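below are the sequence and a predicted model; questions follow.
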Amino acid sequence: MKILFLSITVPFPATDGGRIRVLNLLTQVSKTDQITFLGLETAPTDQEGIAYLQSLGISCYLVPHQASPPKISLGTITKSIIQKKPITVTRYDLSPYRRKLGELIQFQDFDLIHYEMFHTTQFSVEVNLPTVLSTQNIDSYIWARLSEKAKNPAQKIVYLSQKRAFRRYEKLISPKFSITTCVSETDRNWLQESCPNLRIDVIPNGVDLDLYQPNHDEKIPDTLLYTGSMDWFPNEDAVIYCVDEILPIIRSKRPNIKFLIVGQHPTANVRKLSELPNIEVTGRVEDVKPYIARSAVYVVPLRIGGGTRLKILEALAMEKAVVSTSVGAEGLGLINNKEIIIEDNPRQFAAKVVELLENPDRCRQLGKKGQSRVQRDYGWQAIGEKLRSVYASLVEKSKG
């Protein structure tokens with residue numbers, strides 16, 4: 001098959017969950033099919049990333065663009081309301097990308113077009129080809145949760161306005177595609193509420209089982225770990241919540257507890273946490289695996305989010321015991337108290353962490369059960385095959 005793959009970001013280096021997902025799916029599908037990749041040049045490393053994709057046999061085109069992070073301001077909200085589009089869609093309304101897409105469709109033959117996330121859907125064109133809309137999370141779901149957590153009335157209004165904008169946009173744009181893919185049943189159910197007639201398949205997140213393997217020699221007692229891009233508000237909220245409401249309870253039982261916060265672009269609020277005793281904020285690291293290996297327990301105190309957490313799959317692949325909120329573990333189908341521990345109450349969350357720290361055998365058992373589940377269901381090779389089968393069924397149907 002000849003696939004045109006549209007993305008806003010270049011997925012290498014794979015510095016966040018979205019890039020990890022896209023890179024691994026491209027890697028798997030490119031083993032058997034011809035992929036043409038169209039992306040935006042938004043980072044100094046993008047040329048290096050394109051070279052890496054080309055080494056996989058992927059044809060690449062890059063449209064220059066200097067994007068800034070989507071900021072919530074009176075101007076962006078006003079523009080969003082006037083255009084009846086969400087902020088993250090209006091941010092990328094780019095005619096050069098649209099022109100390049102038109103050229104590729106005009107002068108090359110493709111069997112299918114893949115649109116990665118709702119950001120790219122504004123470039124959709126009327127063509128006699130099957131189309132796939134691939135989602136990593138459902139944005140209206142995230143904004144709905146943000147509005148529920150907001151204490152500031154002005155913030156609540158902003159979040160609700162974006163929730164409605166995304167919900168409206170999702171309802172308008174999704175039916176234009178042959179199929180939509182989500183990463184979990186939770187996301188599928190949320191999207192299906194507003195778009196009941198959509199064909200939606202679940203293509204879950206995964207983990208590189210060859211790369212993420214147990215390494216117990218590096219483990220340091222009484223060390224907790226959280227990983228993620230620290231300029232993403234749900235991650236910022238998670239670590240601040242952990243430090244404010246969970247860590248003091250753990251410290252009352254385990255005075256030497258250390259909390260590692262690992263991830264690129266920590267905000268000022270996150271950096272400030274490093275001023276507290278036994279809390280380390282690393283910023284971007286070249287390789288997260290040594291930090292996972294070092295941890296005694298991996299914690300996921302997320303209160304806001306959508307999609308599913310690759311971070312949990314990576315930790316479980318390395319046989320780490322994971323304690324998470326229900327939001328953090330959402331969509332993965334892991335069995336509570338067998339493959340993961342799920343607690344939403346901060347006091348109970350802390351108690352479960354302490355229990356694991358005081359019972360190494362229980363900690364190991366939980367990690368082993370989690371690893372077995374990940375090996376069975378979440379390897380990228382099997383997930384790539386699932387996506388490829390979606391492509392193949394659409395192409396076969398289109399050719400009669």
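Yes, it's here.

name the nearest residue to L191, sequence neighbours excluded.
I138 (5.4 Å; CB to CB, 6 or more residues apart in numbering). Placement of C-beta: from N, CA and C, glycine included.

what count of nearby residues applies to that neighbour?
Neighbour count for I138, taken as other CB atoms under 10 Å: 26.

do the same with S194
Neighbours of S194 under the rule other CB under 10 Å: 16.

isn't it up against Y169?
No: here S194 lies out of contact with Y169, judged by CB atoms under 8 Å, at a distance of 10.2 Å.

tell me the secondary structure for V127?
What DSSP: H, G, I helix; E, B strand; the rest coil gives for V127 is coil.

residue contacts, I20?
Contacts here follow CB atoms under 8 Å, 6 or more residues apart in numbering; on that basis I20 touches 11, 14, 310.

inside strands: which ones of those?
Assigned to strands by DSSP state E, none of the contacts of I20 qualify.

in helices only, show me those.
L310 (DSSP state H).

okay if I get the contacts of I20 as CSV plus distance to F123?
CSV is the format used below for the contacts of I20 (distance: CB to CB, whole Å):
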residue, distance to F123
P11, 18
A14, 24
L310, 26
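
between the contacts of I20, which sits nearest V158?
Nearest to V158, judged by CB to CB, of those is L310 at 28.2 Å.

wait, the closest one touches N205, no?
Yes: here L310 reaches N205: they are 5.1 Å apart, a contact under CB under 8 Å.

now do the shared contacts for these two.
17, 21.

now the longest helix anywhere in the chain, how far from the centre of its chain.
As assigned by DSSP H, the longest helix anywhere in the chain is helix 153-173. Remark: helix 153-173 is offset 20 Å from the chain centroid, using CA atoms, centre = their mean, to the nearest Å.

pLDDT averaged over that helix - what is it?
Across helix 153-173, pLDDT averages out at 88.

that helix packs against which elements?
Helix 153-173 sits against helix 74-83, helix 87-90, helix 139-149, helix 185-194, with contacts defined as 3 or more CB pairs under 8 Å, 6 or more residues apart in numbering; DSSP states H and E.

can you give me the helices in the stretch 301-400 of the chain?
Ranges of helices in the stretch 301-400 of the chain, per DSSP state H, counting those that start in this stretch, are 310-317, 326-329, 346-358, 360-377, 380-398.

how about TSV for the ones you listed, with mean pLDDT, distance to T223 and mean neighbour count added?
Shown next, in TSV, are the helices of the stretch 301-400 of the chain (pLDDT from 0 to 100; distance: least, CB to CB, whole Å; neighbours: other CB atoms under 10 Å):
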stretch	mean pLDDT	distance to T223	mean neighbour count
helix 310-317	97	13	27
helix 326-329	95	19	20
helix 346-358	98	9	19
helix 360-377	97	12	17
helix 380-398	96	28	17
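
closest one to Q162 among those helices?
helix 326-329 (18.6 Å).

how about that closest one as CSV, C-alpha atoms only?
Output of helix 326-329 as CSV, limited to C-alpha atoms (Å, rounded to 0.1, in the frame of the first residue of the first chain):
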residue,chain,number,x,y,z
SER,A,326,-8.0,6.1,38.0
VAL,A,327,-7.4,8.9,35.5
GLY,A,328,-3.7,7.8,35.1
ALA,A,329,-4.6,4.2,34.5
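
closest one to E218 out of the contacts of I20, please.
Using CB to CB, L310 comes nearest to E218 of the contacts of I20, at 21.0 Å.

in the stretch 51-200 of the chain, where is pLDDT below threshold?
66-84, 91, 93 (pLDDT under 70).

now with 80, please.
Regions of the stretch 51-200 of the chain meeting the criterion pLDDT under 80 cover residues 65-85, 87-94.

for the stretch 201-350 of the chain, same thing?
Low-confidence segments of the stretch 201-350 of the chain (pLDDT under 80): 306-308.

much appreciated, bye for now.
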